[in-house]
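Trainee: Pasting a predicted model and its sequence here:
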Amino acid sequence: MLQRAETMKSPITGGRMTLEWEWREMEFRKETWRVMFPYYKCADTGEQFTTTDSDGVWLAQVRNQYCRKYGIPYMDEIVAVRERYGLSAAKMSAILGFGPNQWRKYEQEEVPNVSNGRMIRSIMNPKVFLDMVDSAREVLTDREYEKIRTRVQQLVADSDRYHIEQYETKRVFAVARGPENGYGQLSLTRLKNVMLFVLERSDEVWTTKMNKLLFYIDFMAYRERGMAITGLSYRAIDFGPVPERWERVYSQFDEVRQETRAVGDFEGNVLTADVKADKSVFSAEELELMERVCRELGGCSSRMLSDMSHQEKGWIENHQQHAMIPFEDAFALNPSRSVGR
C-alpha cells in the first residue's frame, strides 16, 4: 500500500478504527484558524480519538498559517539562519537578548511571537545581524566577538552570490512559500536531492513519471506532516499533475541529465544521474516517506502513474481548466489503492 496503515484498534471495544478528516476551526493565540482535522473513528461506537501524530498534522497547519500571516520564519528557516552564522542556539539567544533556551525552543516547534519572529527574519540579512552582534558586544568574549564578526563580514561580502542563488530559486519555483506549494521550503538543494533520491530508487524515469512521483511525495507529505517537501506547486493537465514550470525544474541541475528517446510514435525525455542524493538535507520522517513512495511506485510505468493520478480528486476537479491543484486535496488521496491494480 502506498500510504501508512490507517487503521488502529479502538481503546474501548478493540474493534477497527479508521482515519478520517474534516474541516474544523481551531484556536491559537486568541485567533481562529481553519484546518483539516484528522481523527480516528471507532467503527463500533462512532467515538473519535486522536494520536500524537494526528494532532501534529493540524498543529502544523495552524503554525504555517500563523507564520505566513505575520511574516514569521518557519522552523526550518530558524534552524537555517543559525547554521548560516555557525552559532549555537544559546549564543543566538544571547545575541538577540532572548531567554537562555528561547532559540532552542523555536527550533523545537514553538512558534515565536510576532516581535521575536520579525526580529529573526530581519537578521537573515547579514548586515542587520552584524549590527546586532556589535550591540551584543558585552555578552561575548573578545574571541567570540572577533570570530562571529569575521564570519558575518564574509557573508556580507558574498552577498552578490547570495542574490544570484535567490534569483535562480525564483526562476524555478512558481509561487512564494505558502498554501499553494504546501508550505514547502524553496530550496534548490532540497529539490535536486529529492530528484536524485527518486532516480536512485526507481526504474526508468521519464519526465512524466517524475512529475507523478514528485506529486505523490509532496501531497503525501502534506497529508501526513502538514508540509510538502519539494517547494513545488502543481497543475492538473491532460496527462495528470505536473509541477509548475516543470521544464525549468528538469533543466536546472547539471547532475540530472535528460536523454530524448522514442517509443513508437511517442518521443520524450528520460532522466538519469550518476550522483547519489545527499540524504542529510532531509529529516528522518521525510526520508521514510520518500522511501515508501519510491518503493511502492518507483517500479510503475509512466502510463500506470498517469492513470493512477487521474483517479485523484485534485486532478478530476481541476484538469478541464488546467488549474492549480490545492494541497488540501492531499486529504482526499485514495487511502486503499494497491499499486499494482
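Mentor: That came in fine, so what should we check first?
Trainee: and for stretch 204-212, what are the contacting residues?
Mentor: For stretch 204-212, the surrounding residues in contact (CB atoms under 8 Å, 6 or more residues apart in numbering) are 195, 198-199, 202, 213, 239-243, 246, 250, 258, 268-272, 297, 300-302, 305-306, 308-309. C-beta coordinates here come from the backbone N, C-alpha and C atoms, glycine included.
Trainee: Equivalent analysis for stretch 17-26, please.
Mentor: Against stretch 17-26 from outside (CB under 8 Å, 6+ apart): 6-10, 32-43, 49, 54, 58, 62, 331, 335.
Trainee: Taking the contacts of stretch 204-212, please make a ChimeraX selection of just the buried ones.
Mentor: Selection of buried members from the contacts of stretch 204-212 for ChimeraX, criterion 16 or more other CB atoms under 10 Å:
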select :195,198,199,202,213,239,240,241,242,243,246,250,269,270,271,297,300,302,305,306,308,309
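Trainee: What values do phi and psi take at the residue nearest to residue 76 when sequence neighbours are not counted?
Mentor: Computed as CB to CB, 6 or more residues apart in numbering, the closest residue to residue 76 that is not its neighbour in sequence is residue 185, at 5.8 Å. Main-chain torsions, residue 185, degrees, to the nearest 10: phi -70, psi 140.
Trainee: From what I see, residue 185 and residue 73 are in contact.
Mentor: No: contact criterion CB atoms under 8 Å: residue 185 and residue 73 do not qualify, at 11.2 Å.
Trainee: in the stretch 201-341 of the chain, which spans are helices?
Mentor: Along the stretch 201-341 of the chain, counting by DSSP state H, counting those that start in this stretch, helices occupy 207-225, 246-251, 284-297, 302-309, 313-316.
Trainee: Settle this for me: residue 132 is touching residue 98, isn't it.
Mentor: No: Residue 132 is beyond contact range of residue 98, at 11.7 Å (criterion: CB under 8 Å).
Trainee: Who has more neighbours out of these two?
Mentor: Ranked by neighbour count (other CB atoms under 10 Å), residue 132 and residue 98 place residue 98 first, with 20 against 16.
Trainee: would the more buried one count as being in a strand?
Mentor: No: judged by DSSP: H, G, I helix; E, B strand; the rest coil, residue 98 forms no part of a strand; its state is coil.
Trainee: Kindly provide the distance from the closest residue to residue 219 other than its chain neighbours to residue 21.
Mentor: Spatial nearest neighbour of residue 219, chain neighbours left out: residue 330 (4.1 Å); criterion: CB to CB, 6+ apart. Relative to residue 21, residue 330 is positioned 10 Å away (CB to CB, to the nearest Å).
Trainee: So for those two, which residue has more residues nearby?
Mentor: Using other CB under 10 Å as the criterion, residue 330 and residue 21 rank with residue 330 on top: 25 against 18.
Trainee: My guess is the more buried one contacts residue 215. True?
Mentor: No: using CB under 8 Å, residue 330 makes no contact with residue 215, being 9.9 Å away.
Trainee: circling back to that earlier point, OK, contacts around the residue nearest to residue 219?
Mentor: Residue 330 neighbours (CB under 8 Å, 6+ apart): 182, 219-220, 222-223, 314.
Trainee: List the buried residues of the strand or helix carrying residue 57.
Mentor: Per DSSP states H and E, residue 57 falls inside helix 52-70. Residues 54, 56-67, 70 are the ones in helix 52-70 that count as buried (16+ other CB under 10 Å).
Trainee: tell me which residues in the helix or strand just after that helix are buried?
Mentor: Later in the chain than helix 52-70, the nearest helix or strand by DSSP H and E is helix 75-85. Buried positions in helix 75-85, judged by neighbour count with 16+ other CB under 10 Å: 75, 77-79, 81-82, 84-85.
Trainee: could you say what helices and strands the helix holding residue 57 packs with?
Mentor: For helix 52-70, the packing partners by 3 or more CB pairs under 8 Å, 6 or more residues apart in numbering; DSSP states H and E come out as strand 16-28, strand 31-42, helix 114-122, helix 207-225.
Trainee: distance between the shortest one and the chain's centre?
Mentor: To tie it back to what came earlier, the one meant is helix 114-122. 22 Å (CA atoms, centre = their mean, to the nearest Å).
Trainee: what's the average pLDDT for it?
Mentor: The average pLDDT within helix 114-122 is 97.
Trainee: Show me what it is in contact with.
Mentor: 67, 70-73, 78, 81, 96, 98, 102, 106, 111-112, 128.
Trainee: at 6 Å what do you get?
Mentor: 70, 72-73, 128 (CB atoms under 6 Å, 6 or more residues apart in numbering).
Trainee: And residue 14, how far from residue 44?
Mentor: 9 Å.
Trainee: higher neighbour count, the two?
Mentor: residue 44 (12 against 9).
Trainee: Am I right that the more buried one is in contact with residue 12?
Mentor: No: assessed by CB atoms under 6 Å, residue 44 is found out of contact with residue 12, at 7.8 Å.
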